[in-house]
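Novice: no sequence for this one, just the structure:
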């Protein structure tokens, strides 16, 4: 059920509490199962390692060229006639990040993933990196994969969520044309440096200075796979309770990102402000965040949800206790359940 801005702000935050509580119960139960497993108890979950494996289903590779001529690597899994879901990954990741969703959903849906510009097998192009480029690239992917008057659910994680908002801001006429619903996970639209909790600060300095944050995000130092890299990724992007399988999966993907891509996009995102695009998301839109997210803390999700609600487009806000930034990996079942629920709305 959608939450209407015209009903009341009290109704919004009551719904947030109910939905958050439901997500909390599942997330906490999953962590306890993992703990029981490590202690020699029952093994109902086994950390979902089967979902992290390379999909057995071969994807269709869809050739896509963005507005400036950059070539994008796009994969489409499943029946071409099945309801489409387009997934847009985050900073330093790749289309591989969506394996838990491909493995769980491609038997029922047309699951479309792509490498963001400069990530994975996509070219970086010659255009300076910016939110407009994210918008152009998503627009090109949708035009190439969502055809014949059909509409897709569009799912974005972190920078992928920013891609969706930037796209809605630049191409508002395409929202109703291509989108049936949207899921914005672990993302933000502004103040990314100021509100991060990755860098611990003394109480008298409540915010990270933008030049410092820009320098950190824009760093192009190599990040080879190693135990130290794994520890760093877990601290920065995942919750303390994340499993070894989840950390290993994310480390493999993040460590493969080219340093120049990581630094270039990090610098571009450090001064991001795309809030105006939210008012153009005129389809049911869910916002999802974990309480242990250091990169885009819950303050971002609450602000995004409020702006969507002001435009009467908020579907619901989901808050998952004990889940970090990599929500689609750390809370696979909760995440996929919301993807399917949104897809079923239309």
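Specialist: Nice, I can see it. What you see is a predicted model; the values in this text were computed from it and never measured.
Novice: how about whichever strand or helix holds residue 336, which residues are buried there?
Specialist: Using DSSP states H and E, residue 336 sits in helix 332-343. Judged by neighbour count using 16 or more other Cβ atoms under 10 Å, the buried positions of helix 332-343 are 332-336, 338-339, 341-343. Where you see a C-beta, it was placed from the backbone N, CA and C, and this is true even at glycine.
Novice: could you pull out the helices for the stretch 151-300 of the chain?
Specialist: With DSSP state H, counting those that start in this stretch as the criterion, the stretch 151-300 of the chain has helices at 159-170, 172-178, 192-195, 210-217, 227-237, 244-255, 259-269, 298-310.
Novice: closest to residue 83 out of these?
Specialist: Smallest distance to residue 83 across those (Cβ to Cβ): 13.2 Å, for helix 172-178.
Novice: and the closest one, how far from the chain's centre?
Specialist: 20 Å (Cα atoms, centre = their mean, to the nearest Å).
Novice: stretch 59-66 now?
Specialist: So, by Cα atoms, centre = their mean, the centroid of stretch 59-66 is 21 Å from its chain's centroid.
Novice: ok, stretch 237-253 next?
Specialist: 15 Å.
Novice: so what pLDDT did the nearest residue to residue 122 once chain neighbours are set aside get?
Specialist: Spatial nearest neighbour of residue 122, excluding adjacent residues (Cβ to Cβ, 6 or more residues apart in numbering): residue 115 at 3.9 Å. Residue 115 carries a pLDDT value of 98.
Novice: what's residue 115 in contact with, if anything?
Specialist: Contacts for residue 115 (Cβ atoms under 8 Å, 6 or more residues apart in numbering) come out as 72-74, 89, 94-95, 121-122.
Novice: now residue 191
Specialist: Taking Cβ under 8 Å, 6+ apart, one finds 273, 300 in contact with residue 191.
Novice: what does the pLDDT read for it?
Specialist: Residue 191 is given a pLDDT of 79.
Novice: ok, it to residue 299 distance?
Specialist: 8 Å (Cβ to Cβ, to the nearest Å).
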